[in-house]
Structure formats: structure tokens, C-alpha cells
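Trainee: Got a predicted structure plus its sequence, pasted below:
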Number of protein chains: 2
Amino acid sequence: MPWSPFRKLTPYADAAKQRGLTVHHLNIGQPDIETPPSVLAAVQQADIRVLEYSPSAGHDSYRRKLAHYYQGVGIDVAAPDILVTAGGSEAILFALLSCLNPGDEVIIPEPFYGAYPSFAVAAGVHIVPVTSHIEHDYALPPIAELERVITPRTKAILVCNPSNPTGYVYSRTELEQLRDLCLRHHLFLLSDEAYREFCYDAPYVSALHLAGLEQHVVLIDTISKRYSACGARIGALVTKNRAVQEVALKFAQMRVSPPGLAQLLGEAATDLPATYFDDAKAEYLSRRNLLVKRLQAMPGVVCPVPSGAFYVMAHLPVDDTSRFAQWLLEEFEHEGQTLMISPAAGFYATPGLGRQEARLAYVRNVEVLDQAMDCLALALTIYPGRTA
Amino acid sequence: MPWSPFRKLTPYADAAKQRGLTVHHLNIGQPDIETPPSVLAAVQQADIRVLEYSPSAGHDSYRRKLAHYYQGVGIDVAAPDILVTAGGSEAILFALLSCLNPGDEVIIPEPFYGAYPSFAVAAGVHIVPVTSHIEHDYALPPIAELERVITPRTKAILVCNPSNPTGYVYSRTELEQLRDLCLRHHLFLLSDEAYREFCYDAPYVSALHLAGLEQHVVLIDTISKRYSACGARIGALVTKNRAVQEVALKFAQMRVSPPGLAQLLGEAATDLPATYFDDAKAEYLSRRNLLVKRLQAMPGVVCPVPSGAFYVMAHLPVDDTSRFAQWLLEEFEHEGQTLMISPAAGFYATPGLGRQEARLAYVRNVEVLDQAMDCLALALTIYPGRTA
């Protein structure tokens, strides 16, 4: 079982704080956006005498409201297609356990979410990476490259759309290529859509918008980012495939029920008006624009414009972003501040890739981001391992 | 992946209710005891602006308070020995994933908790059952029988103490036999102690009370039963074995954090006075005494006196308790009432066992239990498949 790839930096961040530094945490996807007070109130004002198990698939009322939410974003599902999970995390695990047998393979474009390898170990399956490149904005690799690695053990393709860590949003054309590939080879398309609401430059296309692929798609979803409620641990596995839904339900019955209090929160969130996202999106968009502008102005930095989520992946002119990230915490400071970034090697399965890339999360406001970019710009001019 | 063994009765219970019957649910471990208002208030009055991820191992403050709780029951652990999980369920899964490799074997005395086989499938490990018998009150089988099934792939013994489903509480002598066996064969002792507080006839002995076994023990725990908060989904994996705790933490990092709101509840629960359990225990004890008295008075029923948890396992004079349980819901009624029981076959791994046994949970008050026993007594005299 692998360690979290970012764990080893934490002690250095703690030490920096102990020395009195302000550490700007651009390393994690924990937004500073307020959890909507009305959805917290739904939990805090609920009349609960006995906090009982909920049904294994989640409260019926919540599943019905979730179905309504999905219909509102053009995803035609009903309550029985939805299994409420303990965060998107449990949905990932249940999707792998339900669609693959031990020893089977899942193809994932890399760089990918850093926890996927751990889920693969837990489910006993193998990840086959196909590399996307910064020069192409981390677009879907040519479909022939995905097709080339298909074996008799390949059961699924897993995509994160919009992507953590790259912020790339797949186009309809790319998704249709994936659809045709899945149909041709009888593969599941596992689509992690945690950042669905945060697309800035084009309308969002879900895997469940693809006509003809309905029986192959398993959506992985969560309220963590959508409503800035990461700590709630409420997500969903959504599929119109009855057989998959049945197997996933067996895994759900194993753990009896998803978190109860947080389901109340999730249910209340479905009552928020669609305009709720306008403010959050506008905020993230201005942050993205600032971050990209600042990064692109730094000599040697290459930074595609990400269309979604709240991450930027950038090539930095350094020998190794792991070493650089540690140096930022151990040896650098600017006006009492430094920043923490995610070295990209942890997002690649192919050894050696990502050593000059890092992910920055724009989960702090523009003032903070501006200060963090002041730090980064200066750091890149004095870091001993700079390459530009 | 197996279905929950009790799932197929649910539609019959629903249909009975639709016909207007009152169904007494003695089939599940969902108590009617009130969740302590003060611990619910801790969540409901919390000042939360952003519901953030907690640390993967749980909030430090909660782990420290949990350590204090454990010290109060004579279990000498500190915060770093404790990993907060999504219910006891996740602790079971993490314990199996952390202590066993795929294909390894875990010995479990049967009858056992009905979800263990699903966790074994999810973790890719094999359950080797050793049968305990109603004639011996479901005591630990002779240690030689456990020793006989040990193979090079055996890595652990899993016990539930007090036992779900039998209510049996292991004696110190039995636990010391288990200790010696584990030491002799280098096995982990996974000890599911969800019902620790509910021991009625003798003081409780935890696996972590066993001198010399500290590095072998992994406690599986939960607040579900202790504080009647099943829906919270907060549990813990507790071990002084650093290597196991490290691997378990990797699995915890995979899913980022345990439920956040419910951790506040769990933390507040540690502030309850030790006398909190007096009322709950007294209530369960009077229920147990009533249930056992009524059952033992029914011709052909054999019912050991369970010393802990809130379950009774009974031999019923019927052809098959699965058939009988369905008949109770489909064809029986007494003054507008019937009851739902858990056929014991679902608690055995050995095919054919448990067909004349059923589990009854005393999770309803004595008046309801009395009415349910009126139903059962009558049903046993007219059920077509009766054997007495």
C-alpha cells in the first residue's frame, strides 16, 4: 500500500509554521468558500431523537432529490440509479470493486488524482496509465494510445472530468471518442465528476450525456467541492446499469449506511437555487485568471489555462518539484511567508514523469494568491536547483 | 459478492405493514434508546463556517479524548494508537486490509456478524469458520479446534466480544487461551468490541487487557451502540502495533477523512459521565431478562442466557427459521401484530448450520418485547413446519 505522495512535505510545513512563517496552502483541494449556511442549518436544526442507520443506499428522500438535481444538469437518472456513499472516495472504491475483478486492469489518463493508486490496491486491480502532456494542455491522449494498451483484463477506463490535478475539461468530441472505444471493447467508463459545477470556458459534458453509453457509465460524485463541504463525506455512485448498481448495493450493505447527519446536509443542498454556483464560479474564475496570469509571467514557467476545477498544473524551471517544494518550506521565506505546492510526480504512475511540474490549487482568495505568487516568483530566481 | 443474508425478508415486512400490521423489528441492532441530547447538541450548536476535511486519522482533539475514554476502561492506549473510522465497518475493512494480504486466511468462531463475509470479499481474504455451539452457550470452541485449522496462510483470528449475534461474553480464561494461541502462531487478534459497555453478568475483558499480546491486537470499535448513534458512522481502529497503524493510516489517507460532523458528536460523547451507561444497561438488562424468560417458557425453545450485547440466539422448534421468519411476515398475525427475526443461517459460514436458530435483538422496550413474545409463542403452536 503506497503512502499518500504528499505526506512527506507535511512535517516541513509544520516546522515552517513553528518558525513563525505564514504558509499559503496551495497544495490541497480544500476550498475556503463558506459552506452554505442554510445547508448547515438543516443539520443543526434537525429534530433527532435517535440517530438511526439510514438505508444502505441512502435516505430515499435524498436520492429522489439528487435525481432531481441530476435532471437539472441534463443527466437523466432516477432515485434507484443513485447510491449515496461516504464521499466520492467510497464511490471510487465501490466502482472499482463492482466493475472489476481482482487482477483486472483500469486505464487512466495520467496525471491523475493522487489517491487512485491506493484505491486500486484496496480493490486488488491494476492501473494502466496513458500519458497526457502539458504541451497539449493535458488533453485526452490520442485514442489510439488508449486502445493500444487494452488487454483481455481491461475492464474500464477511469477519467476525472474536470480533471484533478490538471483542470482540463474534456470536450464532447473527446468524450465521444471515449464512448466509441468503450462500446468497441465492452469497457466501463468510470467518470469522476467531482468538479462538474466548476467549468469556466465551455458548457460541461457529463459521461451520462453520451447517447448509447448509458449501460457502461458509472458516475463518481461528491458534494465536497460542489458545496464546499469536504468534511461531510457524502458522495454518490450513479449508474443506470442495474447489475453494477446491485453489486455496489451489496458493498453498501456491508457498511450498513452512509453518514447520517451529513445526508441531511446533502439533501438540503439540493434545495439551493441553481444561481448558488454563480458566486462561487465567479470567485474561482477570478482566482484562476490571476494565478495563470502570474504564472505565465514568470520566466521558464509553462502553464496551460485550465478550463475547470480549481487547479493549475504548471511546468516550473526547477530540477525537481519535490525538492523545490521542500526547499520552499525549509529554506525560503519572503516577508514572513512561503507557499506549499503539490509536486506532480505523485500524479503520475509512470516513473520519472512530472518531476518539473507542480499542481497549485486556487482555494485561497486573490489577495492571498497574489502574495503566494510573489513568493513563487522570487523563489524561482534564487532556488539553487533552478534550470532556466 | 454475497447479498446481505437478511435482505430477502425486507419486502415481506414492507408488505405486512402495507396490510396494516404492526411489525416488531427484533431483526436488527438498531436500538430505540435516545441518542444523548448533549452529544447531538455538540453538533447542532457548533460554529462551522467551512466544513473542512479533518485529518485522515481523525481530529487530534477527538483522538486524545478517545484515548482518555479507553484509559477509563483499562485499555492503555494513547492518541497515536487510534485511527478514527467511518463506523466500525470501516475499521473492520481497514483491519483486514492492513493485517492480511489477498488470499490470506482469518479464523472466526461462528455464528458471527453477518457482514464479515462481505468484508472478506472486499479485502480479498478467506474466512475459516470454527463452530461454537448453543449447547455450550456459544462459548469459544475448544482452542484445539482453532489450532487445527491454522495454515501457513492464517494471519489472524477475529472475534466479536461481546458477540453479535450470540450475546456471549468471552471469559478471561478463554481470552488468555486465544492470546497464547496467537503468540504461538504469530497471529493477529482482531477484536470487534462494539458492545463493550453492555455486559450484564461479569466485568468486561478487552483483548487489550491481555498482557503480552499488545503488539498482536487490533481493536475494532464504534460509537454506534455505545451511544445509540448508529447513523453517525464513527468508529475506531485501535492498535499499539506501529506497523499496522501505519498501513491503516495509508488506507485512511486514501479516503482523506472520516465523517466530520459526526466526529463532533463522538468527541462530545467522551464527555458523558461513566454513569451514563447505568441507565442504558439497566434498561437492556430488564429487556434481556424478560426475553429470555419468555423464550425459555416456550415448549421446544432453547435459549442460553446471553451475558452481553443486546441479542439473544435461540433454537426454535421449526423446520427452518428462514421459512418461519417469512411465514411470520406473510401468513401470521396476532391482534394486528407480528414480528421480524433474523434467521441464523446468515451468521454461519458452514452450509446447513443455524437452520433452527434465530437471533432476536432486544432493541425495543419491555412492553413491545412482551407483545412480540405473545406473537412468537402463538406462532410456534400453529406454524405448519413446527417440529416440537
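Mentor: It's in. Numbers count the residues shown, from 1 in each chain, chains lettered A, B, ... in the order given.

Trainee: Around chain B, which positions in the stretch 101-250 of chain A sit nearby?
Mentor: Counting by Cβ under 8 Å from any Cβ of the partner chain, the stretch 101-250 of chain A comes close to chain B at A:102, A:115, A:118-119, A:122, A:124, A:228-233, A:247, A:250. For the C-beta atoms, the positions are set from N, CA and C on the backbone; glycine is no exception.

Trainee: Same check on the stretch 251-388 of chain A?
Mentor: Going by Cβ under 8 Å from any Cβ, the residues of the stretch 251-388 of chain A near chain B are A:251, A:253-262, A:265.

Trainee: Out of these, list just those in strands.
Mentor: The strands, defined by DSSP state E, take in nothing from those.

Trainee: so which of these is the most crowded?
Mentor: Using other Cβ atoms under 10 Å in any protein chain shown as the neighbour test, these are led by residue A:258, with 32 neighbours.

Trainee: hang on, the earlier thing: going by distance to chain B, which of the residues of the stretch 101-250 of chain A next to chain B wins?
Mentor: Among those, residue A:231 lies closest to chain B (Cβ to the nearest Cβ), at 3.0 Å.

Trainee: Surely the closest one and residue B:258 touch.
Mentor: No. Applying Cβ atoms under 8 Å, one finds residue A:231 not in contact with residue B:258, separated by 9.2 Å.

Trainee: re earlier: could I get the residues of the stretch 251-388 of chain A next to chain B as TSV with pLDDT and distance to residue A:209?
Mentor: Below are those laid out as TSV (pLDDT from 0 to 100; distance: Cβ to Cβ, whole Å):
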residue	pLDDT	distance to residue A:209
A:251	96	27
A:253	95	30
A:254	95	32
A:255	96	31
A:256	94	33
A:257	96	30
A:258	98	26
A:259	98	29
A:260	97	32
A:261	97	33
A:262	97	28
A:265	97	27
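
Trainee: Show me which of those residues is closest to residue B:214.
Mentor: Nearest to residue B:214 out of those is residue A:255 (Cβ to Cβ; 28.2 Å).

Trainee: I'd like the next helix or strand past the host helix or strand of residue A:144.
Mentor: Element membership for residue A:144, per DSSP states H and E: helix A:143-148. Once the chain leaves helix A:143-148, the next helix or strand it forms, by DSSP H and E, is strand A:154-160.

Trainee: picking that back up, where helices are concerned, which of the residues of the stretch 101-250 of chain A next to chain B count?
Mentor: A:118-119, A:122, A:247, A:250 (DSSP state H).

Trainee: what's the closest of those to residue A:25?
Mentor: residue A:118 (21.5 Å).

Trainee: Mutual contacts of residue A:231 and residue B:258, please.
Mentor: residue B:54 (Cβ atoms under 8 Å, 6 or more residues apart in numbering or on different chains).

Trainee: before we move on, the earlier item: what residues of the helix holding residue A:144 count as buried?
Mentor: residue A:146 (16 or more other Cβ atoms under 10 Å in any protein chain shown).

Trainee: domains in chain A, as residue ranges please.
Mentor: For chain A, automatic domain parsing gives the domain ranges A:7-34+A:276-382, A:37-269.

Trainee: distance between the last one and the chain's centre?
Mentor: Here domain A:37-269 is found 10 Å from its chain centre; the criterion is Cα atoms, centre = their mean, to the nearest Å.

Trainee: repeat for stretch A:299-312
Mentor: In terms of Cα atoms, centre = their mean, the centre of stretch A:299-312 is set 15 Å apart from its chain centre.

Trainee: for stretch A:11-21, same thing?
Mentor: 27 Å.

Trainee: same deal with stretch A:307-327?
Mentor: For stretch A:307-327, the distance to the chain centre is 17 Å (Cα atoms, centre = their mean).

Trainee: backbone phi and psi for the residue nearest the centre of chain A, please?
Mentor: Geometric centre of chain A, nearest residue: residue A:164, 4.1 Å, by Cα atoms, centre = their mean. Main-chain dihedrals, residue A:164, degrees, to the nearest 10: phi -100, psi 120.

Trainee: just to revisit the earlier point, give the PyMOL command for selecting the buried subset of the residues of the stretch 101-250 of chain A next to chain B.
Mentor: To isolate the buried members of those in PyMOL, using 16+ other Cβ under 10 Å:
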select buried, chain A and resi 115+118+119+122+124+228+229+230+231+232+233+247+250
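
Trainee: Excluding sequence neighbours, find me the nearest residue to the residue of the stretch 251-388 of chain A found nearest chain B.
Mentor: Residue nearest to chain B within the stretch 251-388 of chain A (Cβ to the nearest Cβ): residue A:260, separated by 3.0 Å. Among residues not flanking residue A:260 along the chain, residue B:231 sits closest, at 3.0 Å (Cβ to Cβ, 6 or more residues apart in numbering or on different chains).

Trainee: Surely that neighbour touches residue A:53?
Mentor: Yes. The criterion here is Cβ under 8 Å, and residue B:231 meets it with residue A:53 at 5.4 Å.

Trainee: so what sits against both of the two?
Mentor: Common neighbours of residue B:231 and residue A:53 (Cβ under 8 Å, 6+ apart) are A:257, A:260.

Trainee: Surely residue A:194 touches residue A:227?
Mentor: No. Here residue A:194 lies out of contact with residue A:227, judged by Cβ under 8 Å, at a distance of 11.6 Å.

Trainee: neighbour-wise, which of the two wins?
Mentor: Using other Cβ under 10 Å, the more surrounded residue of residue A:194 and residue A:227 is residue A:227, with 28 against 25.

Trainee: Which residue, other than its chain neighbours, is closest to the more buried one?
Mentor: Residue A:227's closest residue in space is residue A:269 (Cβ to Cβ, 6+ apart), at 4.7 Å.

Trainee: Run through the residues that contact that neighbour.
Mentor: A:36, A:39, A:223, A:226-227, A:229.

Trainee: Is it possible to get CSV of those residues that adds pLDDT and distance to residue B:359?
Mentor: Formatted as CSV, those follow (pLDDT from 0 to 100; distance: Cβ to Cβ, whole Å):
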residue, pLDDT, distance to residue B:359
A:36, 96, 43
A:39, 96, 39
A:223, 97, 36
A:226, 95, 41
A:227, 96, 40
A:229, 96, 38
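
Trainee: Go through these and name the one nearest residue A:82.
Mentor: Distances from residue A:82 to the contacts of residue A:269, taken by Cβ to Cβ, are shortest for residue A:223, at 12.7 Å.

Trainee: Hmm, residue A:232 and the closest one touching each other?
Mentor: Yes. With contacts counted by Cβ under 8 Å, residue A:223 reaches residue A:232, the gap being 6.2 Å.

Trainee: Check which helices and strands the lengthiest helix in chain A sits against.
Mentor: Longest helix in chain A, counting residues (DSSP H): helix A:276-296. Packing partners of helix A:276-296 (3 or more Cβ pairs under 8 Å, 6 or more residues apart in numbering or on different chains; DSSP states H and E): strand A:311-315, helix A:366-382.

Trainee: buried sites along that helix?
Mentor: For helix A:276-296, by 16+ other Cβ under 10 Å, it's A:276-277, A:280, A:283-284, A:287-288, A:290-292, A:294-295.

Trainee: on that earlier part again, quick check: the farthest pair among the residues of the stretch 101-250 of chain A next to chain B?
Mentor: The distance between the two most remote of those (Cβ to Cβ) is 36.3 Å, for A:102 and A:228.

Trainee: Quick check: the residue nearest to the centre of chain A vs chain B, distance?
Mentor: Going from residue A:164 to chain B by Cβ to the nearest Cβ, to the nearest Å gives 12 Å.

Trainee: Same check on residue A:220?
Mentor: 13 Å.

Trainee: who does that residue bridge with?
Mentor: Residue A:220 has these beta-bridge partners by DSSP bridges: residue A:192, residue A:237.

Trainee: ditto for residue A:334
Mentor: Under the criterion used (DSSP bridges), residue A:334 bridges to residue A:337.

Trainee: Quick one: the helices in chain A, in order.
Mentor: Using DSSP H, helices in chain A cover A:10-18, A:37-44, A:60-72, A:87-99, A:116-123, A:143-148, A:172-185, A:242-254, A:260-269, A:276-296, A:321-330, A:366-382.
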